[in-house]
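Participant: give me the fold of what follows.
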Amino acid sequence: MKLTPLKNFFAFLLFLLFSFTVYGQQYRNPSAPVEDRVHDLLDRMTLEQKIDYIGGYNAFYIRDIPALRIPLIKMSDGPVGVRNYGNTTAYPAGILTASTWNRDVIYRIGEALGRDARARGVNVLLAPGVDIYRAPMCGRNFEYFGEDPYLSGEVAAAYIRGVQDQGVVATVKHFAANNQEYDRNNVSSDMSERTLQEIYLPAFKAAVLKGHAGSVMAAYNLVNGAHCTQNQHLLTEVLKKQWGWDGFVMSDWVSTYNGAEAAKAGLDLEMPDGAHMNRATLIPAINNETISEEVINDKVSRILRVLFRFGFFDRDQLDTSIPQNDPKNAQVALDDAREGIVLLKNQDSILPVDKSKISSIAIIGPNANSYVTGGGSSYTSPFHNVTLLDGVKKAVGTDCLVSFEAGSADASSATESSVFYTDSVSDIQGLTGEYFNNQNLSGIPVYTRTDKTIDFNWSGTPNVPGLAADHFSIRWTGVIKPEKYAKYEFIVNGDDGYRLWINNNLVINNWGDHAAEQRTVQLSLDANRTYQVKLEYYENGGDAVISFGWQEVGMAQSRAVSLAKNADIVILSMGFNSNLEGEGFELLHDVVHFVLTPLLRWCLVHTATLAR
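Facilitator: Next comes the predicted model:
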């Protein structure tokens, strides 16, 4: 279409208006220097907008400000998968990735994670974790890169470069000395400055200076008596001044305890919201000169600097050309796993197994027949996975008998042999499940059905008609009918809370928000008697995991021994899983609390009796 002179004139005016609007607002000019854009936008923000901006929004976001065209910034947990938005590729544990000792492989892991993030529109990945593996009971050790500060730093730097080369901000965590999950909000990691600088900080230093991480996450714990989110020595003196790092520090979720003290110490962004660093606490602190407005300006500047540097103002973060179920990334995960495997010993050259010389294999261990990962915020639900049991069966074909036994008190394994009945007179197997769209089992259930086994791991919306994705609860009721007098173990694993009654006696109570945790109780039951069973469960948010089984004490071990005696080859699948390690709990604490403490109490009582 040919434009008339008048139309040409108006088109020219529109062009001038657009140019004036964009280039008059320098922060909207993609070709302007980053620092000029930061200062220009900062000058346009009110104090109230600045304070609001340094408090997280809607759990996993940095808030948008539409009036200033500041975009919404989306985050996701890591470090072994972009986990918050449904199924994704699951990558090997950090400790295995470190055992590759291969920067190229590690870079590709970061690159794949960056691609997964872009496929979901994620701007900030909350990874990697680089705390030093000093205490074997730490629930999050599987996320980290080992006990050597140099190795951890080199792995972190390569990982971060891979993530950030895809246009995604990496967040190195948990700063610092986060070596205990039990009572993590109150425990203090106390050490000399030399110990701090030579063991606990080098991996973080490499992450920000060699990897150029855009963000750092402050830990829950205290270091030398000061909470990490309020630790001026860590956040300001070391990270920002000694190392000269110019990114932003966010808190771990609900790890901020005092808004003014955190602001003064150097915390830049409180997550998941501004519960403490908000107008109510910070404006009075500015008015009474406890802190200055320049402190707030520095925090906002640090966040904006990273956002401009990564181009978040100038492009869409969602890349629809990358499939969420990406075969390239699955291959990267497999390559990493293969390269990280460590063979400690191959006595009599038993490996590789000669299939022509065997007719039976016994696979023993609960991890052999399940998806194995640590628990908590790094738990990732994959699109698909192959268990050790399935893999061995496929490898040997039909000419070899492959048998499996868990061999331990594991909830998921126990569900397979657990028999329940809906009531004392019915032959219908299973428990009656009542599903509620609230967390407290109140009102009328939205759905009722018979569940033959209780072994659920829901990521996203559960496959239950009418049930919401989060904030729901379930009550299962029925009976069990032991066939002989014996001691039986009842095993429950769940994320979040659960409680179990046998004959109206509360025998397990783990009613609270937590990652997947397993609890066990042993009871002596009579033969040919009916016992009432009631299991209640609620989910607050995120993953929904609940498994429940019962079996005779020692039966799993006896079956495993018998299986091993009659097999040509035994494959033991041993190690931790999400029942034994994860965020928010620790195996060693559980052993002390549930085993050693009762044993010590028994000894004290009986020693006193003998003394009398």
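
Participant: distance between the ends of stretch 93-109?
Facilitator: Start and end residues of stretch 93-109 are separated by 11 Å (C-alpha to C-alpha, to the nearest Å).

Participant: and that stretch, what's buried?
Facilitator: Across stretch 93-109, burial judged by 16 or more other C-beta atoms under 10 Å covers 93-100, 102, 105-109. Where C-beta positions appear, they are placed from N, C-alpha and C, glycine not excepted.

Participant: same check on stretch 319-337?
Facilitator: Of all the residues in stretch 319-337, those buried under the rule 16+ other C-beta under 10 Å are 322, 324, 326, 329-330, 332-333, 335-336.

Participant: quick revisit: same list, the buried residues of stretch 93-109, but as JSON lines with secondary structure and distance to D496 please.
Facilitator: Below are the buried residues of stretch 93-109 laid out as JSON lines (DSSP: H, G, I helix; E, B strand; the rest coil; distance: C-beta to C-beta, whole Å):
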{"residue": "A93", "secondary structure": "coil", "distance to D496": "23"}
{"residue": "G94", "secondary structure": "helix", "distance to D496": "25"}
{"residue": "I95", "secondary structure": "helix", "distance to D496": "26"}
{"residue": "L96", "secondary structure": "helix", "distance to D496": "28"}
{"residue": "T97", "secondary structure": "helix", "distance to D496": "29"}
{"residue": "A98", "secondary structure": "helix", "distance to D496": "31"}
{"residue": "S99", "secondary structure": "coil", "distance to D496": "33"}
{"residue": "T100", "secondary structure": "coil", "distance to D496": "35"}
{"residue": "N102", "secondary structure": "coil", "distance to D496": "38"}
{"residue": "V105", "secondary structure": "helix", "distance to D496": "36"}
{"residue": "I106", "secondary structure": "helix", "distance to D496": "34"}
{"residue": "Y107", "secondary structure": "helix", "distance to D496": "36"}
{"residue": "R108", "secondary structure": "helix", "distance to D496": "35"}
{"residue": "I109", "secondary structure": "helix", "distance to D496": "30"}
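
Participant: inside helices: which ones of the buried residues of stretch 319-337?
Facilitator: Under the assignment DSSP state H, the buried residues of stretch 319-337 contribute 329-330, 332-333, 335-336 to helices.

Participant: between the two ends of stretch 375-391, how far is it?
Facilitator: 23 Å.

Participant: tell me the mean pLDDT for that stretch?
Facilitator: Across stretch 375-391, pLDDT averages out at 88.

Participant: before we move on, what about stretch 36-43?
Facilitator: If you average the pLDDT over stretch 36-43, you get 98.

Participant: ok, and what's touching it?
Facilitator: 25-27, 29, 32, 50, 68, 70, 297, 300-301, 304-305, 308, 313 (C-beta atoms under 8 Å, 6 or more residues apart in numbering).

Participant: which of those sits closest to Q347?
Facilitator: Using C-beta to C-beta, the shortest approach to Q347 within those belongs to R305, at 56.8 Å.

Participant: tell me which element that closest one is part of?
Facilitator: helix 293-309 (DSSP states H and E).

Participant: mark which of the contacts of stretch 36-43 are buried, thanks.
Facilitator: Among the contacts of stretch 36-43, the ones that count as buried by 16+ other C-beta under 10 Å are 25-27, 29, 32, 50, 70, 297, 300-301, 304-305, 308, 313.

Participant: and of the buried residues of stretch 93-109, the nearest to E434?
Facilitator: Closest approach between those and E434, by C-beta to C-beta: A93, at 37.2 Å.

Participant: was I right about the closest one contacting G375?
Facilitator: No. Using C-beta atoms under 8 Å, A93 makes no contact with G375, being 11.9 Å away.

Participant: so what sits against both of these two?
Facilitator: Joint contacts of A93 and G375 (C-beta under 8 Å, 6+ apart) do not exist.
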